[in-house]
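please work out how this folds:
(2 chains)
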Amino acid sequence: DQQVKQNSPSLSVQEGRISILNCDYTNSMFDYFLWYKKYPAEGPTFLISISSIKDKNEDGRFTVFLNKSAKHLSLHIVPSQPGDSAVYFCAASGSNFGNEKLTFGTGTRLTIIP
Amino acid sequence: KAGVTQTPRYLIKTRGQQVTLSCSPISGHRSVSWYQQTPGQGLQFLFEYFSETQRNKGNFPGRFSGRQFSNSRSEMNVSTLELGDSALYLCASSLADRVGLETQYFGPGTRLLVL
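Numbering: from 1, shown residues only, chains lettered A, B, ... in the order given. Presented below is the predicted three-dimensional model:
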C-alpha cells in the first residue's frame, strides 16, 4: 500500500524552463512534507519542506505547493539547470506517528536537456 | 559542520552471514533513523533511535536490529542474510527535539551485496 506516490518515473525538461514534479499522498495524518534530491551513489539531499499549515514554501529556485484537499504536492524548479538532473523523492511524515519516520515516494528521474 | 557518515561504504556478504553497519550523525543530532533502498521497493523506513532507545519501527523482520550509543552513533545489524537484503542502507539524523517539524539529513549510504 503506497501511501506516497510519484506517478511519473521520469521527466525531461529543457534548460531554463520550469520543471514540475508531482506527488500524491493518501494518509490524511501526514502533516509535514519534504523533497529530497538524490545523485547516484550518494544519500538523498534535503531540498525543501512544507508543513500542512501552509500551501506554499519558496527557497530560491525551488517552490513547493501543497493542496491538502487534493492530497497533492508539487515541486517547481525555475529556471532548470543541468545540475538539477537527479532523482527527486517526495517524503511525508506525521506528528502523530513520529516525525522521524519518513514515508517516501518511488522517485522521479529529472533530466535537464542543455 | 561534518555531515552524516556511514561505514563501510560497500560490503559483500554471503547468504546466512550477518553484517553490522555503522552511522555517525551530525554533531548535536540525537535521532538516527535507518532506511533501506531497493529498486523495487524504493526507500523504506527500518527504525529510529533516540537517546539509545528505539522510538519508532518499520515493517521489517526481527533479523534487522539496531542500537544507539551514548554519543548518538548508531549501528544496524542484519542476521542470517538473504539475497533480498541486497540494498543501499541509508542512515539519517535529525535534532529530534520534537518542538517543531524535523528535517532529516542523510549519509551517503552503505551498499550491501549478498551473494
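
in the chain, where is pLDDT below threshold?
No chain specified, so I'll use chain A. Low-confidence segments of chain A, defined by pLDDT under 70, span residues A:1, A:96-100.

switch to chain B, that's the one I care about
Applying pLDDT under 70 to chain B picks out residues B:1, B:96-101.

in it, what residue lies closest to chain A?
When scored by Cβ to the nearest Cβ, chain B has B:Phe106 as its residue closest to chain A, at 3.5 Å. All C-beta spots, glycine's among them, are computed from the backbone N, C-alpha and C.

how close does the residue lying closest to that residue once chain neighbours are set aside sit to A:Asn57?
On the basis of Cβ to Cβ, 6 or more residues apart in numbering or on different chains, the spatially nearest residue to B:Phe106 that is not a chain neighbour turns out to be A:Gly43, at 3.5 Å. Distance, A:Gly43 to A:Asn57, using Cβ to Cβ, to the nearest Å: 22 Å.

comparing these two, which residue is more hemmed in?
A direct count of neighbours by other Cβ atoms under 10 Å in any protein chain shown for A:Gly43 and A:Asn57 places A:Gly43 higher, at 21 against 16.

please look at that one and B:Leu90 and confirm they touch.
Yes: contact between A:Gly43 and B:Leu90 holds when scored by Cβ atoms under 8 Å: they sit 5.3 Å apart.

what is the burial count for A:Asp24?
Neighbour number of A:Asp24 under other Cβ under 10 Å is 18.

only C-alpha atoms, please: export the host helix or strand of it in CSV.
If you go by DSSP states H and E, A:Asp24 is part of strand A:19-25. Output of strand A:19-25 as CSV, limited to C-alpha atoms (Å, rounded to 0.1, in the frame of the first residue of the first chain):
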residue,chain,number,x,y,z
SER,A,19,10.4,21.6,-14.0
ILE,A,20,7.3,20.5,-12.2
LEU,A,21,7.4,17.3,-10.2
ASN,A,22,4.3,15.9,-8.6
CYS,A,23,3.5,13.8,-5.6
ASP,A,24,0.2,12.4,-4.2
TYR,A,25,-0.5,11.0,-0.8
